[in-house]
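> Everything below, folded, please.
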Amino acid sequence: MIFDIDGTLVDTVADDARLYATAVREVLGDVSTRPRWSDYEHVTDRGILRQICHENGLDITRCEQNVRTRFGELMADHLRHEGSCCPTPGAPGLLENLREVLHCRIGIATGGWEHTARMKLARAGYDVAGIPLTSSDDDHERVRIMQRCRTLLPATAVTVYVGDGDWDQRASERLGWRFIGVGSRLRGKCEHWLQDFSAPELLKTLIG
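Next up, the predicted model:
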């Protein structure tokens with residue numbers, strides 16, 4: 001079973017988007033961007049930045065590290081002074097039950113960069129030691145990020161991905177994985193859906 005982070009394990013979607021936009025603006029200047037991050041072909045930190053650079057005639061190899069670094073600085077400062085990085089209700093206990101009680105091998109595949117992903121997980125109180133985590137540092141395409149995580153887990157008959165965005169659902173469909181949607185953005189849009197992880201009986205829904 002593989003989990004997304006933002007909007008799935010932690011409530012950080014709004015802050016993450018705001019700080020990412022700030023990092024892009026501070027490093028790249030007055031560049032043209034699309035109205036919503038979801039308007040980009042690959043909704044990952046790396047994928048969005050690559051497309052912004054392409055559409056503005058910028059060299060990605062010269063921009064990526066600077067934006068990544070500045071985003072990390074902004075996120076660290078935000079978490080240090082504001083600390084608004086709450087776990088999704090029930091999620092920490094769910095992960096513990098999956099690992100310790102049900103002996104389920106889990107992974108984390110996020111469209112964010114690894115350094116900010118680990119900051120948020122740590123601030124939200126997750127112990128992810130020993131859990132494979134793949135990110136935009138591995139690839140700019142979400143499907144390949146997810147595939148990379150899958151190779152780090154034991155072979156099973158069914159792979160389950162848990163996410164909160166349309167892009168998560170589309171990537172899961174492309175891979176032929178079972179998908180479980182979480183949160184208000186996917187209400188009514190997928191076969192298996194949860195508002196959060198607060199009810200104990202949700203374990204049965206998740207592992208099916």
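> For the protein, which segments count as helices?
Listed in chain order, the helices of the chain (DSSP state H) span residues 13-28, 45-55, 60-81, 91-96, 114-123, 142-151, 166-175, 202-207.
> okay, now the domains of the protein?
Structural domains assigned to the chain are 2-12+85-207, 13-81, following automatic domain parsing.
> Pull the distance from the longest one to the chain's centre.
Just to be clear, that refers to domain 2-12+85-207. 8 Å (Cα atoms, centre = their mean, to the nearest Å).
> picking up where we left off before, mind telling me which of the domains of the chain the model trusts least?
Per-stretch mean pLDDT for the domains of the chain is lowest at domain 2-12+85-207 (a mean of 91).
> since we're on residue 180, how many residues are nearby?
Neighbours of residue 180 under the rule other Cβ atoms under 10 Å: 26. For glycine as for every other residue, the C-beta is placed from the backbone atoms N, C-alpha and C.
> does it have beta-bridge partners, and which?
residue 162 (DSSP bridges).
> For residue 70, see how far away it is.
34 Å (Cβ to Cβ, to the nearest Å).
> ok, now residue 25?
10 Å.
> Name the residue in these two with the higher neighbour count.
In terms of neighbours (other Cβ under 10 Å), residue 70 is the more surrounded of residue 25 and residue 70; the figures are 18 against 14.
> Isn't that one up against residue 28?
No. Assessed by Cβ atoms under 8 Å, residue 70 is found out of contact with residue 28, at 10.0 Å.
> Single out the most deeply packed of the domains of the chain.
domain 2-12+85-207 (a mean of 18; mean count of other Cβ atoms under 10 Å).
> Can you check the pLDDT for residue 84?
Looking at residue 84, the pLDDT reads 71.
> That one - nearest residue in space that isn't next to it in sequence?
Distances taken as Cβ to Cβ, 6 or more residues apart in numbering put residue 15 closest to residue 84, at 6.2 Å, once the chain neighbours are dropped.
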